[in-house]
Each structure stands twice: as C-alpha cells, then as structure tokens.
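Engineer: predicted model, plus sequence, below.
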Amino acid sequence: MNAAIKDFGRYPTADLYALFQDVYASAEAMSETLAEKYPDLAAFAADLAALRRLPGAVALAAEVDGRPVAYVILRPRAPARLGHTADLSLGVAPLARGHGLGRRVLDAALARARAQAIIEIVYLMVRADNAAAIRLYERAGFETLALLRRDTRV
C-alpha cells in the first residue's frame, strides 16, 4: 500500500477525527472509548491545539488516496522534570491494517523525535492479547517495563 507520511496540520480536523472514530470503533484493545476521550469534534480539536503547543510533540498520519488511514502521536509529558518523556498512541484504520503502515508512521515519529532531541524516553501501553501491536513495538526496539494483569476489563 503506497502511503505518504504527513503532519496532522496538513489535514482538516474532521478528517483526523473520522480516522480516530474508525480506529476506536474497530479496536477492542482501547482502554477508553472515543466518546470518553473526545466526546465531540470540538474536544478533539482542542486537544490537538494543546498538543501542538508542547515542545517535542509529534503527530503524523499515513495518507492513502488523499485520506489519513493511520496515525501516531508522541505526547510529551507536562511536568518539567518529565519533559524528556512522551506517551505514544498509534492507530490504523481497519482497511489499512496489515500493510506496514503502523510501522511506517511509528518509524517516522521516532525519527522526528530523535531529530528534535527533546524526547528521550517513549512510553506506551498495549494489551497483552494484542499480538500484532506487541510485535510492532518489539521490532521497533521497545522493551516491556511492566506487565499489568487484568488491567483492562474486557
């Protein structure tokens, strides 16, 4: 699948929100629903605006046929003493899964973070039964720091 990797700023907020809706609706592995995280487009837009103000933040999308189909966000932690750390979130639309787009946006985000030289440590959480995500992160060099059993009620 031929895709271009672009900054979130290149897309209308509604297109990105539609991608998040698609990912969240198809992924049982999320610990919260999209409505809990972003109750509406305005809340999503406000969060993206806040993200853009964070030094070292990265928000990229993989685009196919003019539409974003995968995303990655590196959100730096707010306290000054944790500013060198970030939380990662990544999602791929169901129709685009299995084509390496998750790896492409992840690699691009990590390269951007290295180039900015602000973020030194990236954290993420993934459910233990999400084998594809675990393989993706392990291949990208992530290590398991903790295993939380029964953390997310299924």
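Structural biologist: Received it, and whenever you're ready, just let me know what you need. Residues are numbered from 1 along each chain as shown.

Engineer: wasn't S89 part of a strand?
Structural biologist: Yes - applying DSSP: H, G, I helix; E, B strand; the rest coil, one finds S89 inside a strand.

Engineer: show residues contacting stretch 21-31.
Structural biologist: Contacts of stretch 21-31 with the rest of the structure, by Cβ atoms under 8 Å, 6 or more residues apart in numbering, involve 33-34, 37, 71, 91-94, 125-127, 129-130, 133, 151-152, 154. Bear in mind the C-beta positions are built from the backbone N, C-alpha and C, glycine included.

Engineer: are any of those buried, and which?
Structural biologist: Neighbour counting with 16 or more other Cβ atoms under 10 Å marks 34, 71, 91-93, 126-127, 133 as buried within the contacts of stretch 21-31.

Engineer: what comes up buried for stretch 113-124?
Structural biologist: 113, 118-119, 122.

Engineer: from those, which two are the most distant?
Structural biologist: Within these, two members stand farthest from each other by Cβ to Cβ: I118 and V122, at 11.6 Å.

Engineer: now do the strands in this protein.
Structural biologist: Taking DSSP state E to define them, one finds strands in the chain at 4-7, 58-64, 67-76, 85-92, 121-123.

Engineer: how far out from the middle of the chain is the last one?
Structural biologist: Relative to its chain's centre, strand 121-123 lies at 12 Å (Cα atoms, centre = their mean, to the nearest Å).

Engineer: now do the second one
Structural biologist: Averaging C-alpha positions (Cα atoms, centre = their mean) puts strand 58-64 9 Å from its chain's average.

Engineer: one step back: from the contacts of stretch 21-31, which land in helices?
Structural biologist: Counted as lying in helices by DSSP state H, out of these, are 34, 37, 133.

Engineer: among these, which one lies nearest to A57?
Structural biologist: For these, the nearest to A57 is K37 (16.9 Å; Cβ to Cβ).

Engineer: quick one: contacts for R149?
Structural biologist: A128.

Engineer: report all helices and strands that the longest helix along the chain contacts.
Structural biologist: When the chain is parsed with DSSP H, its longest helix is helix 101-116. On a contact count with 3 or more Cβ pairs under 8 Å, 6 or more residues apart in numbering; DSSP states H and E, helix 101-116 meets strand 4-7, strand 58-64, strand 67-76, strand 85-92, helix 131-139.

Engineer: send me the second one as PDB with only the CA atoms.
Structural biologist: If I follow you right, that is strand 58-64. Taking Å, rounded to 0.1, in the frame of the first residue of the first chain, the C-alpha atoms of strand 58-64 are listed here in PDB:
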ATOM      1  CA  VAL A  58       4.900  14.700  17.100                       C
ATOM      2  CA  ALA A  59       1.600  14.000  15.300                       C
ATOM      3  CA  LEU A  60       1.800  12.200  12.000                       C
ATOM      4  CA  ALA A  61      -0.600  10.400   9.700                       C
ATOM      5  CA  ALA A  62      -0.200   7.900   6.800                       C
ATOM      6  CA  GLU A  63      -2.200   9.100   3.800                       C
ATOM      7  CA  VAL A  64      -3.600   6.800   1.100                       C
END
